[in-house]
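*Asks:* structure for this input, please:
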Amino acid sequence: MESFKSSGTFSKQAHVKIPEGLYEEEHGRKGFFGRVSQIYHQNPPVNWTNIEGELKPRCQKPMFGDHLEVNYFQPILFNNDVTINVAHYTVSFECFFRNADFDELYFIHEGEGHFETIYGHLTYKRGDYITIPRGTTYKLFVKNATKIFKIESNSEFEQPDRGMLGPNALYDQTVIETPESALGSEQNLSEYKVEIKRLGKITTVTYPFNPLDAKGWKGSVYPTKLSIYDLCPVMSHKYHIPPSGHTTYVCRNFVICSFVERPLEDSKHGVLRVPFYHSNIDYDEVLFYHQGNFFSRDNIDAGALTFHPQGIHHGPHPKAFNSVDDKTHTDEYAVMVDARYPLEPTKWFAENEVSDYWKSWM
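*Replies:* Take a look at the predicted model:
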């Protein structure tokens, strides 16, 4: 059982009416799902003058420029549970694909097209989440150049527990689309190649027929589509809801949260209206910026990404506290990956990151 204690100067309600001249830090366990304390500082914990060592807040400028190889999934961060990739596809897949290592989640940042899978076809457009279960044979067909934020998971993508909010919270579950059985559209080729990823290596299997040859399916394993624009955010005008309230998918040792447009908290109640300072004690935090005005961060544009590893503070940039005063709503859309175990940046990440990002609070 949790045993809440308090000492010194503190607010009656977390994130509300923070004592004047003090700065609140959230010191929590298990991401935003576990035990938690608030600490009231005399100075913002991000007001450092120098950092020596590898542990720093890190950032990628918009990732889909000339520095990203086209038609290739570029890994950027990984651990044993999850690999995060970005890609800019201008043409359709050349071969069919089957991932034997991971379940996959595509988030479509821009573009249109469709997936043909052994379960049938699914169209996609900007803002769609597409889940592909491990072992599903499929092919991506690009209609318009497509920018993708892709997450590979060692476990399945599951819906979060809605608890007392009830089954219709977060989004109406009928908005989830599943494929209707259909054959692959390509039927006149001399051969059909399937690339299978296993232990990170590709094996190519050739068939004399289109491998998407299923005349029907039934069961509980299948691809899905969910638009970020169909999400209904959980909010309170009297309390700043932590990121865990915006969870969209739960996996083993990481979660995916979606931040979508929503009314801001009511200022007359003294609620903190920007993200609170925290240092991610147990989780690494990755935020991909999809659309809107990211007012809590300076110089962050759509397509950019921040990586805040465990143990170093982050929070709103200094201008955010003033710029939020006149706002009643936020129009930002972003996807967060919160990983239990440390993520390792790839060589591409290190070569392309904004090296002075950690100075942006100074």
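*Asks:* which ones are touching the closest residue to residue 198 other than its chain neighbours?
*Replies:* In space, and not counting its chain neighbours, residue 198 is closest to residue 100: 4.3 Å by C-beta to C-beta, 6 or more residues apart in numbering. Using the backbone N, CA and C atoms, a C-beta is placed for each residue, glycine as well. Applying C-beta atoms under 8 Å, 6 or more residues apart in numbering, we find residue 100 in contact with 134-135, 196-198.
*Asks:* show me where the stretch 101-250 of the chain has strands.
*Replies:* Under the criterion DSSP state E, counting those that start in this stretch, strands of the stretch 101-250 of the chain are mapped to 103-117, 120-124, 128-132, 138-153, 192-198, 201-207, 224-227, 247-251.
*Asks:* next, the buried residues of stretch 131-149.
*Replies:* 131-134, 136-142, 146-149 (16 or more other C-beta atoms under 10 Å).
*Asks:* and which of these is nearest residue 338?
*Replies:* residue 149 (14.9 Å; C-beta to C-beta).
*Asks:* excluding chain neighbours, what is closest to the closest one?
*Replies:* Here the residue nearest residue 149, using C-beta to C-beta, 6+ apart, is residue 107, at 4.3 Å.
*Asks:* and the helices in the protein, which stretches?
*Replies:* 320-323, 347-352 (DSSP state H).
*Asks:* is it correct that the residue nearest to residue 149 is in contact with residue 157?
*Replies:* No. Look at residue 107 against residue 157 with C-beta atoms under 8 Å: they stay out of range, at 11.5 Å.
*Asks:* which single one of the buried residues of stretch 131-149 is nearest to residue 226?
*Replies:* residue 131 (8.0 Å).
*Asks:* separation between the closest one and residue 67?
*Replies:* Distance, residue 131 to residue 67, by C-beta to C-beta, to the nearest Å: 29 Å.
*Asks:* repeat for residue 41
*Replies:* 38 Å.
*Asks:* for residue 3, same thing?
*Replies:* Distance check for residue 3 against residue 67: by C-beta to C-beta, it reads 51 Å.
*Asks:* in terms of neighbours, single out the busier of those two.
*Replies:* residue 67 (13 against 5; other C-beta atoms under 10 Å).
*Asks:* surely residue 270 and residue 20 touch.
*Replies:* No. Counting by C-beta under 8 Å, residue 270 does not reach residue 20; the two are 10.3 Å apart.
*Asks:* these two: which has the busier surroundings?
*Replies:* A side-by-side neighbour count of residue 270 and residue 20, using other C-beta under 10 Å, places residue 270 first with 15 against 5.
*Asks:* run through the residues that contact the more buried one.
*Replies:* 16-18 are the contacts of residue 270 under C-beta under 8 Å, 6+ apart.
*Asks:* from the residues you listed, which is closest to residue 215?
*Replies:* Nearest member of these to residue 215, counting by C-beta to C-beta, is residue 16, at 58.2 Å.
*Asks:* ok, that closest one touching residue 273?
*Replies:* No. Counting by C-beta under 8 Å, residue 273 is not a contact partner of residue 16; they are 10.6 Å apart.
*Asks:* quick check: neighbours shared by these two?
*Replies:* With C-beta under 8 Å, 6+ apart, residue 16 and residue 273 have common neighbours residue 240.
*Asks:* of those two, who's got more company?
*Replies:* It is residue 273, of residue 16 and residue 273, that has more neighbours when counted by other C-beta under 10 Å, with 20 against 16.
*Asks:* what about the closest residue to residue 125 other than its chain neighbours, how many neighbours?
*Replies:* With C-beta to C-beta, 6+ apart as the criterion, residue 125 has its nearest non-adjacent residue at 5.0 Å, and that residue is residue 112. Neighbours of residue 112 under the rule other C-beta under 10 Å: 15.
*Asks:* same question, residue 41
*Replies:* 13.
*Asks:* quick check: bridge partners of it?
*Replies:* residue 23 (DSSP bridges).
*Asks:* about what we covered before: list the contacts of the residue nearest to residue 149.
*Replies:* 128-129, 148-151, 228, 288, 290, 335.
*Asks:* could you list everything it pairs with in the sheet?
*Replies:* residue 129, residue 149.
*Asks:* give me every residue that touches residue 248.
*Replies:* Contacts for residue 248 (C-beta under 8 Å, 6+ apart) come out as 129, 160, 170, 226, 231, 256-258.
*Asks:* cool, residue 235 as well?
*Replies:* So residue 235 contacts 241, 245, 262-263, 265 (C-beta under 8 Å, 6+ apart).
*Asks:* shaky segments in the stretch 251-362 of the chain?
*Replies:* 322-323, 325 (pLDDT under 70).
*Asks:* strands along that one, start to end?
*Replies:* 254-259, 262-263, 277-278, 284-291, 305-308, 329-330, 333-339, 344-345.
*Asks:* distance of residue 22 relative to residue 270?
*Replies:* For residue 22 relative to residue 270 (C-beta to C-beta), the value is 13 Å.
*Asks:* for residue 46, which non-adjacent residue is spatially closest?
*Replies:* Closest residue to residue 46 apart from its sequence neighbours, by C-beta to C-beta, 6+ apart: residue 361 at 4.1 Å.
*Asks:* neighbours of that neighbour, how many?
*Replies:* 18.
*Asks:* my read: it touches residue 47, true?
*Replies:* Yes. Counting by C-beta under 8 Å, residue 361 touches residue 47, with 6.6 Å between them.
*Asks:* end-to-end on stretch 6-18?
*Replies:* End-to-end distance of stretch 6-18 (C-alpha to C-alpha, to the nearest Å): 15 Å.
*Asks:* contacts for that stretch, please.
*Replies:* Contacts for stretch 6-18 (C-beta under 8 Å, 6+ apart): 19, 22, 24, 26, 36, 38, 40, 238-240, 269-272, 276.
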